[in-house]
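Trainee: Generate a structure from the sequence data that follows.
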Amino acid sequence: MAIGVPSAGPAIRLGKPAPGSLSCAAALERERLGMSTPPRTKLTVVGAGYVGATCAQLAAQKDLAQEVCLIDVIEGRPQGIALDLDQMAAIEGFSARVVGTNDPAASAGSDLFIVTAGR
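Mentor: Residues are numbered from 1 along each chain as shown. Coordinates of the predicted model:
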């Protein structure tokens, strides 16, 4: 039996999985690799330039953390990228939640920091 796949029911809801649950594709991949539970982590990417945005995208797509926090000093940039990545989840089938902010306090509780900011 695959993790996160409904065993019975009249319909399967398409779209982004509920927070904390795995997408079907991620669940099957974790099962194939012998991984039993999803990561319970928070990852922060500092810097929302091309490298930071790509890093956040890949971390989210690979379900490396339940939450990916993208921080930058430019107002609106990390929020816009996070919104794009969050909406992409339904198509790409990942369950990581992406949050964009200008407030460093949002990184509280992060298990891993990746700094891509320049200057």
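Trainee: Any stretches of this structure with poor pLDDT?
Mentor: 1-28, 30-31, 34-40 (pLDDT under 70).
Trainee: please redo it, this time with the cut-off set to 50
Mentor: Within the chain, the segments meeting pLDDT under 50 span 1-18.
Trainee: what about the longest helix in it?
Mentor: Longest among the helix segments of the chain by residue count, using DSSP state H, is helix 77-92.
Trainee: Which residue ranges of the chain form strands?
Mentor: Assigned strands in the chain, in chain order: 42-46, 67-71, 97-101, 112-115 (criterion: DSSP state E).
Trainee: which of the ones you listed sits most buried?
Mentor: strand 67-71 (a mean of 27; mean count of other C-beta atoms under 10 Å). (Each C-beta comes from the backbone N, C-alpha and C, glycine too.)
Trainee: ok, it: who's next to it in the sheet?
Mentor: Strand pairing for strand 67-71, using DSSP bridges, gives strand 42-46 (parallel), strand 97-101 (parallel).
Trainee: relative orientation of the first one and helix 77-92 in degrees?
Mentor: Computed with axes from the mean of the first three to the mean of the last three C-alpha atoms, to 10 degrees, the direction of strand 42-46 lies at 130 degrees from that of helix 77-92.
Trainee: In CSV: the strands of the chain, plus distance to Thr54.
Mentor: Shown next, in CSV, are the strands of the chain (distance: least, C-beta to C-beta, whole Å):
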stretch, distance to Thr54
strand 42-46, 10
strand 67-71, 11
strand 97-101, 13
strand 112-115, 11
